[in-house]
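Engineer: curious how this folds, go ahead:
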Amino acid sequence: MRRRSLRRRPPAALAPEDHRRSYFHGLTASRKHRFFMRICLTGANGALGRVVHAALLEAGDQVVGLAGENSVATSNLDLIIAGDLSDPDQARAAVETAARRIGGFDALVHLAGAFRWLPVAQSSPDDWRALYAANVESAVCTIQAALPHLAQNASIVLVGAHSAQVAGAGMAPYAAAKSGVARLAEALSVELRPAAVRVNAILPSIIDTLTNRRDMPEADFTQWTSPAAIADTIRFLASPASRAVNGALLPVINPAV
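Structural biologist: Numbers count the residues shown, from 1 in each chain. Predicted coordinates:
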């Protein structure tokens, strides 16, 4: 009796039409060599945004940053003064300007938001609404404005908060708003899947910035996460390297420089 061989046959080669379209499908040769990704970055004037903006440019990406009203454009960072991104008209105007400048987006990185430590007993409905508008409504309006300009296999990266998973004292209004960002990322990752657009969110804890060091001088700064380390994670989620990741809420809380 002959024994059946346990060796597996090699898989048949896939026909070209079986492969998913390349991330760079349709891009000209010059675009492929000059820029890896075309990225719209909100909150580009913030402590994290400036580091992310610089890191993306250093990696060879073509980036247009949307910044607040008090920002000043510099020669090496391409900034658009965006105004209030929680206003649909202002968000649309800023995003359309950015899309015209770089010909659409391979990724949208939304860092714009706001934080405030505020105990519930001392808060007002306006406080809650302001944090919701700055964090959730700004994300919704910016994404709605960007959707017509996103390339196939594009990526959206949002910023939630690790403190929103289990909120501590003074964190309720902020945590509630950032929980909304997390739910937005989860829902959008399903809604935009047929359009081949991925949506993920990072969940930072305390970021090692000058402002945080000034506000918490007695803290152990070595336990915080550096903006540079977070920037690396953001670029990974924005890039095709994370093409298998969709709908993730990724903690970025490891002490790292």
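Engineer: what about the nearest residue to S86 once chain neighbours are set aside, how many neighbours?
Structural biologist: Sequence neighbours aside, E137 is the residue nearest to S86 in space, at 3.9 Å (criterion: C-beta to C-beta, 6 or more residues apart in numbering). Quick note: C-beta positions are derived from backbone N, CA and C, even for glycine. Under the neighbour criterion other C-beta atoms under 10 Å, E137 is assigned a count of 19.
Engineer: how about the contacts made by the most centrally placed residue in the chain?
Structural biologist: The residue lying closest to the centre of the chain (C-alpha atoms, centre = their mean) is V157, at 2.5 Å. Applying C-beta atoms under 8 Å, 6 or more residues apart in numbering to V157 gives the contacts 107-110, 200-202, 234, 237-238.
Engineer: ok, so of these, who is nearest V190?
Structural biologist: N200 (12.6 Å; C-beta to C-beta).
Engineer: for the closest one, helix, strand, or coil?
Structural biologist: Secondary structure, DSSP: H, G, I helix; E, B strand; the rest coil: N200 is strand.
Engineer: in this structure it contacts N246, no?
Structural biologist: Yes. Judged on C-beta atoms under 8 Å, N200 makes contact with N246 at a distance of 6.7 Å.
Engineer: more neighbours: these two, which one.
Structural biologist: Remark: of N200 and N246, N200 carries more neighbours, 24 against 18, as counted by other C-beta under 10 Å.
Engineer: for S155, see how far away that one is.
Structural biologist: Per C-beta to C-beta, to the nearest Å, N200 is found 7 Å from S155.
Engineer: which neighbours do these two share?
Structural biologist: Residues touching both N200 and S155 (C-beta under 8 Å, 6+ apart) are 237, 242.
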